[in-house]
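> quick check, what structure comes out for this input:
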Amino acid sequence: MGEVEKSLAELRKTFNSGRTRSVAWRKNQLRALLDLISHKEEVIFEALHQDLGKHPVEAYRDEIGVVIKSARFALNNMEKWMAPKKGHIPLLFFPAKGEVLPEPLGVVLVLSSWNFPISLALDPLIGAISAGNAVVLKLSENAPACSSFLAKTLPLYLDNSAIKVFEGGADVGNELLQHKWDKIFFTGSSRVGRLVMTAAAKHLTPVTLELGGKCPAILDSLSNPSDMKAAVKRIVGAKWGACSGQACIGVDYVLVEDNFKSTLIELLKKTIKKFYGENPKSSKSNARIINKHHFERLRNLLEDPLVADSIVHGGSSDEENLFIEPTILLNPPLEAEIMTEEIFGPLLPIITIDKIQESIDIINSRSKPLAIYAFTKDETLKRKILAETSSGSVVFNDTMIQFLCDALPFGGVGQSGFGSYHGKYSFDTFSHEKAVLQRSFFPEIEPRYPPWNSFKLKFIRLAYNFDYLGLLLLLMGLKR
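As a prediction, this is how the structure comes out:
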């Protein structure tokens, strides 16, 4: 028996014992996870710097802080989430009572991503633990320092008979996918997401796919200069300030009216300079590209003959240090690869239009994005965006903050994924809501049984139409 089979057998045994269902076990695991983060903060900072060049402030904001927030939120709310919810039972069923009972799915597989290798591993894990599951966590080989840290450290803090950690490349992922799971949670690319779904279909395994998409920012004309500066600062932060653009909810491109393009470009340049100085390559606030493969992919986007002439700022790169300068492009052809594939890097196309309302048509001509960001005070435009587009989320006048909000579901739609998590939505995605109906042996509803007659048809017709007065009159032998 191989390592995967042994681990699955142990996890199944642990889950079947009922241990992971208890409130105490769930809370103990989450408290241990918080202890791990507290004890190993500096080690995590170092691992994130090794893999992605993240500054400790960025690492805390996007990784450590996310995990702490999620774990504490789950600890404070878990018992409420676990409590049965009363179901409202029709009078026809009297005397009866109904409830919806959340129960763990069983043994689940979490496949994490490399761009936020701590939070995108541990945040779904928090949801799986909160719901009472046994878990296999497969880490991304593209972030080797973080993967090694988690693989070595998690077993020291968590229940190793209920939570297993696997490292390795695609071969390990493929082996794991050959087995039957009670749920698969995947964060990554659409290409790999299709492979996950194909493997899951063999066992009818439910999946949650957190994918990507070309998230647009619609920038309306804002008459107040301070509003415009804030909007541009938030766009720059969402493009270059989160893992150097390697974020699924980062701004992929900007839609703006043609008469405002020059103002926007100048504001972008000034903000980039303010954030990263005269020489962004030497800035310690700039994360780097994850590896040579992704570096070459991004450089090829810039060297595309269709795109080269559209560069209006930046464009330089350093292969040895896996650095690509924050780059702005003006109106690259919509058929160019940079406008048809998710960029996932520090390149920002600006697409100009005559009227800002045209942005809706451009968005709808493409796959549904994970997020739409719209900077506007025009309530009519807001309503049109909400009514006429489809996306995982919509954020007005800010960027990326929806990811941090536990009160809202986070997830995609269409090509950007399906299923959601964060807060109670994480608990729900790893739970099954079991319907429970309890009824007494009396009274018996005889019209539900053969032999059939006209009276029973009238009874059933009135019952399905919730006509209780009609039923009463029928039973009393009166006509209505």
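> which SSE is immediately downstream of the stretch of helix or strand K261 belongs to?
Here K261 sits within helix 261-276, counting by DSSP states H and E. Using DSSP H and E, the helix or strand that follows helix 261-276 in sequence is helix 292-303.
> what are the buried residues along that following helix?
Judged by neighbour count using 16 or more other CB atoms under 10 Å, the buried positions of helix 292-303 are 294-295, 297-299, 301-302. Backbone N, C-alpha and C define where each C-beta goes, glycine included.
> residue ranges with poor pLDDT in this protein?
For the chain, the stretches with pLDDT under 70 are 1, 478-480.
> how about a cut-off of 80?
Regions of the chain meeting the criterion pLDDT under 80 cover residues 1, 91-92, 467-468, 471-472, 474-475, 477-480.
> tell me, what residue is most central in it?
The chain has G411 as the residue nearest its centroid, 4.1 Å off, counting by CA atoms, centre = their mean.
> show me the contacts for the closest residue to that residue other than its chain neighbours.
In space, and not counting its chain neighbours, G411 is closest to S420: 3.2 Å by CB to CB, 6 or more residues apart in numbering. Going by CB atoms under 8 Å, 6 or more residues apart in numbering, S420 touches 208, 409-411, 429.
> of those, which belong to helices?
T429 (DSSP state H).
> now, which of the contacts of S420 sits nearest P443?
Set against P443, the nearest of the contacts of S420 by CB to CB is T429 (40.6 Å).
> got the contact list for the closest one?
127, 183, 185, 208, 419-421.
> hmm, 7 Å instead?
127, 208, 419-421 (CB atoms under 7 Å, 6 or more residues apart in numbering).
> rewinding a little: now the residue nearest to G411: phi and psi?
phi -140, psi 170 (degrees, to the nearest 10).
> distance-wise, check it relative to C248.
From S420 across to C248, the span is 14 Å (CB to CB, to the nearest Å).
> stretch 39-59: how far from the chain's middle?
22 Å (CA atoms, centre = their mean, to the nearest Å).
> actually stretch 25-40, not the one I wrote
Chain-centre distance of stretch 25-40: 22 Å, with CA atoms, centre = their mean.
> buried set for that stretch?
Neighbour counts over stretch 25-40 (16+ other CB under 10 Å) mark 25-27, 29-30, 32-34, 36-37, 40 as buried.
> so which of those belong to helices?
Per DSSP H, helices hold the following members of these: 25-27, 29-30, 32-34, 36-37.
> may I ask which two of those are separated the most?
Farthest-apart pair in those is W25 and I37; separation 19.3 Å (CB to CB).
> how is the chain divided into domains?
Taking automatic domain parsing as the reference, the chain has its domains at 3-211+422-433, 216-411.
> let's have those domains in JSON lines, adding distance to L475.
JSON lines is the format used below for the domains of the chain (distance: least, CB to CB, whole Å):
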{"stretch": "domain 3-211+422-433", "distance to L475": "12"}
{"stretch": "domain 216-411", "distance to L475": "46"}
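> tell me which of those domains sits nearest to A463.
Closest to A463 of these is domain 3-211+422-433 (CB to CB; 5.4 Å).
> may I have the distance across the closest one, first residue to last?
32 Å (CA to CA, to the nearest Å).
> repeat that for stretch 319-335.
Counting by CA to CA, you get 27 Å between the two ends of stretch 319-335.
> isn't V413 right next to K368, touching?
Yes - using CB atoms under 7 Å, V413 is in contact with K368, at 5.0 Å.
> between these two, which contacts overlap?
390-391.
> all the strands of the stretch 301-450 of the chain, residue numbers only.
Secondary structure of the stretch 301-450 of the chain by DSSP state E, counting those that start in this stretch: the strands cover 311-313, 317-318, 323-324, 327-330, 347-353, 371-375, 393-396, 410-411, 417-418, 420-421, 431-439.
> if you compare those, which one is most tucked away?
Comparing these by mean neighbour count (mean count of other CB atoms under 10 Å), strand 371-375 ranks first with a mean of 26.
> quick one: strands adjacent to that strand?
When pairs are called by DSSP bridges, strand 371-375 turns out to pair with strand 216-219 (parallel), strand 393-396 (parallel).
> what's the closest of those to A200?
A200 lies closest to strand 393-396 among the strands paired with strand 371-375, at 24.6 Å (CB to CB).
> ok, and what's touching the closest one?
With CB under 7 Å, 6+ apart as the test, strand 393-396 has contacts from 371-374, 382, 385-386, 401-402.
> off-centre distance for that strand?
With CA atoms, centre = their mean, you get 14 Å for strand 393-396.
> partners of the strand or helix carrying K86, with directions?
Using DSSP H and E, K86 sits in strand 85-87. Counting by DSSP bridges, the strands paired with strand 85-87 are strand 96-104 (antiparallel).
> list the contacts of the partner strand.
Residues from elsewhere that reach strand 96-104 (CB under 7 Å, 6+ apart): 20-21, 81-82, 84-87, 89, 131-133, 430-439.
> and for stretch 359-378?
Stretch 359-378 is contacted from outside by 212-220, 222, 231, 248-249, 251, 255, 351, 353, 382, 384-385, 388-397, 399, 402, 412-416, using CB under 7 Å, 6+ apart.
> looking at these, which are in helices?
Members of the contacts of stretch 359-378 lying in helices (criterion: DSSP H): 231, 382, 384-385, 388.
> greatest separation within these: which pair is it?
It's A231 and E388 that sit farthest apart of the ones in helices among the contacts of stretch 359-378, by CB to CB, at 21.8 Å.
> which one's more surrounded, these two?
The neighbour comparison of A231 against E388 (other CB atoms under 10 Å) goes to A231, with 23 against 12.
> just how off-centre is stretch 190-206 within its chain?
17 Å.
> swap in stretch 322-330?
Chain-centre distance of stretch 322-330: 26 Å, with CA atoms, centre = their mean.
> can you check stretch 93-106 too?
Computed by CA atoms, centre = their mean, the chain-centroid distance of stretch 93-106 equals 29 Å.
> and for stretch 103-117?
Stretch 103-117 sits 12 Å away from the centroid of its parent chain (CA atoms, centre = their mean).
> before we move on, what about stretch 384-397?
Offset of stretch 384-397 from its chain centre (CA atoms, centre = their mean): 17 Å.
> measure that stretch end to end?
Start-to-end span of stretch 384-397 (CA to CA) is 15 Å.
> returning to that earlier point: ok, so of the contacts of T429, who is nearest C243?
Among the contacts of T429, Y421 lies closest to C243 (CB to CB), at 19.5 Å.
> tell me what that closest one is bridged to.
Note on Y421: beta-bridge partners F410, judged by DSSP bridges.
> would you confirm that it contacts I126?
No - using CB under 7 Å, Y421 is not in contact with I126, being 9.3 Å away.
> ok, G193 - contacts?
By CB under 7 Å, 6+ apart, the contact list for G193 reads 186, 209, 211.
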